[in-house]
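Student: Requesting a structural model of the entry that follows:
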Amino acid sequence: MISKAQFDKEIELIISNAIREDVGDGDHSSLACIPASAQGKAKLLVKDEGIIAGVEFAKQVFAYVDANMQVETLIEDGSKVKHGDIVFYVEGASQSILKAERLVLNAMQRMSAIATKTRQFVNLLEGTGTKILDTRKTTPGIRAIEKWAVKIGGGENHRFALYDMIMLKDNHIDFAGGVAKAINLTKQYLKDTNRDLKIIVEARNLEEIKKILDCGGVYRILIDNFNYEDTRKAVKLIGDQCLTESSGGINENTLRKYAECGVDYISSGALTHSVYNMDLSLKAV
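Tutor: All right, here's what the predicted structure looks like:
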């Protein structure tokens, strides 16, 4: 994953761009009927159930919009919530609360949905030793908060982007002329450019796994779209030579069965691309 400084910068960019997109040259609905001096208070109301996420992000949004706004947190990120719960109160200029409202809700609704799904997967894996990973199958422009939500839900982050880890997939291998050639060229590239990046290689069958192991220097092998029997064979073949990861259409019904094959990780794009937003409201009090 990227450094904390890089991640924090991504969050800043998301907030600034989202406010630019939503507010433009002014929230004229509020400017038209609410005095600049008016003070208000609002509550974040849960109208659903699951795992809440985005509380800390919301605080950053409020601070960006108006540093004088105050947030009283009642429920922390990662906590279970139910219909009727109040997550926090925010107090300050009424215009500022309204300016921040939609970004806070849009982000928290999606983050909470991702955290809730991640927690379901984490619970299904309990006792297996296998960890759940996200992917790059995220919403363009808001990857940082979606990956943040996975962490809040108890999952782990895969690489953040194309630049922080090497991942040789089927197209890389085919374009390079085979798995061994792709790995050897990658090692040389890292040496020539003085980069310290971990290498993950996707394997489509047991023969490719053997070739990957012969090359050495691979951090993790992605056992992609294998059935249970072949996954177990792959795990046995790899042993402790590198880490293992299963992927490819794995869902709630198959997750634990793949974990029981002995893989270290299971990656799932569904954590971020197939969720339904949690119902939340920001209501004046």
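Student: drop to CA atoms for contacts and neighbour counts, all remaining ones
Tutor: Fine.
Student: How about D27: what's its closest non-neighbour residue?
Tutor: On the basis of CA to CA, 6 or more residues apart in numbering, the spatially nearest residue to D27 that is not a chain neighbour turns out to be K99, at 6.5 Å.
Student: can you tell me how far the one you found sits from G217?
Tutor: In this structure, K99 and G217 are separated by 51 Å, where distance is defined by CA to CA, to the nearest Å.
Student: Neighbour count for these two, which is higher?
Tutor: Neighbours around K99 and G217, counted as other CA atoms under 10 Å, are more numerous at K99. The numbers are 23 against 16.
Student: ok so that one is a helix residue?
Tutor: Yes: inclusion of K99 in a helix is indicated when DSSP: H, G, I helix; E, B strand; the rest coil is applied.
Student: how many other residues sit next to F57?
Tutor: Residues near F57, counting by other CA under 10 Å, number 20.
Student: Contacts only, for it.
Tutor: By CA atoms under 8 Å, 6 or more residues apart in numbering, F57 lies in contact with V104.
Student: ok but it is inside a helix, no?
Tutor: Yes: in this structure, F57 lies within a helix as judged by three-state DSSP.
Student: pLDDT score for it?
Tutor: Reading off the confidence values, F57 has pLDDT 98.
Student: Likewise for the one 3 residues further on?
Tutor: Reported pLDDT at Q60 in the predicted model: 98.
Student: what helix or strand does it sit in?
Tutor: Using DSSP states H and E, Q60 falls within helix 55-65.
Student: Just list what the next helix or strand after that helix packs against, helices and strands only.
Tutor: From helix 55-65 onward toward the C-terminus, using DSSP H and E, the following helix or strand is strand 70-73. Contact analysis of strand 70-73 by 3 or more CA pairs under 8 Å, 6 or more residues apart in numbering; DSSP states H and E lists strand 86-93 as its packing neighbours.
Student: Many thanks, have a good one.
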